[in-house]
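Colleague: Turn this into a model:
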Amino acid sequence: MTREFLTSTALERAERHCEERGSKLTDKRRQVLSGLLASEKALSAYELSDFCRTEFGHNILPMSVYRILEFLEEQN
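Modeller: Next up is the predicted model:
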């Protein structure tokens, strides 16, 4: 299986998981999660912010990345 397929599958599962819990996997949350899944190493909030700007053309501030990471962690 390709990395793209695995990332896509993980994002679909995450979206379903959030919906089942009454939450939403917003575009920004999806982008940050994509960065985590695409990386072969741990990324800082600043690196994830750069990833989102480079890959998606969206400027997500590092503080927002921290909140998104907290949300993702709470979703389990």
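Colleague: Test my guess that Ser23 contacts Ile68.
Modeller: No. If you go by C-beta atoms under 8 Å, Ser23 and Ile68 don't touch, sitting 11.9 Å apart. Just so you know, the C-beta spots here come from the backbone N, C-alpha and C atoms, and that holds for glycine as well.
Colleague: hang on, Ile68 packs against Val32?
Modeller: Yes. Using C-beta under 8 Å, Ile68 makes contact with Val32 at a distance of 4.6 Å.
Colleague: Could you check which of the two has the larger neighbour count?
Modeller: Taking other C-beta atoms under 10 Å, Ile68 and Val32 do not tie; Val32 has more neighbours (26 against 21).
Colleague: which residues does the more buried one contact?
Modeller: If you count contacts by C-beta atoms under 8 Å, 6 or more residues apart in numbering, Val32 has them with Leu48, Cys52, Ile60, Val65, Ile68, Leu69, Leu72.
Colleague: burial of the fourth one, as a residue count?
Modeller: Same thing as Val65. Residues contacting Val65 under the criterion other C-beta under 10 Å number 24.
Colleague: so where does the residue most central in space within the chain fall, helix or strand?
Modeller: Nearest to the mean C-alpha position of the chain, by C-alpha atoms, centre = their mean, lies Leu33 at 1.5 Å. Using DSSP states H and E, Leu33 maps to helix 27-38.
Colleague: tell me which residues in that helix are buried?
Modeller: Lys28, Arg29, Arg30, Gln31, Val32, Leu33, Ser34, Gly35, Leu37 (16 or more other C-beta atoms under 10 Å).
Colleague: need the next SSE after it, C-terminal direction.
Modeller: helix 45-56.
Colleague: If you count contacts, what does that following helix end up packed against?
Modeller: helix 27-38, helix 62-75 (3 or more C-beta pairs under 8 Å, 6 or more residues apart in numbering; DSSP states H and E).
Colleague: Do me a favour and average the pLDDT over the last one.
Modeller: Looking back up the chat, that one is helix 62-75. Averaging pLDDT along helix 62-75 gives 95.
Colleague: repeat for the shortest one
Modeller: Averaged over helix 27-38, pLDDT sits at 94.
Colleague: That helix to helix 62-75, inter-axis angle?
Modeller: Angle, helix 27-38 to helix 62-75, by axes from the mean of the first three to the mean of the last three C-alpha atoms, to 10 degrees: 80 degrees.
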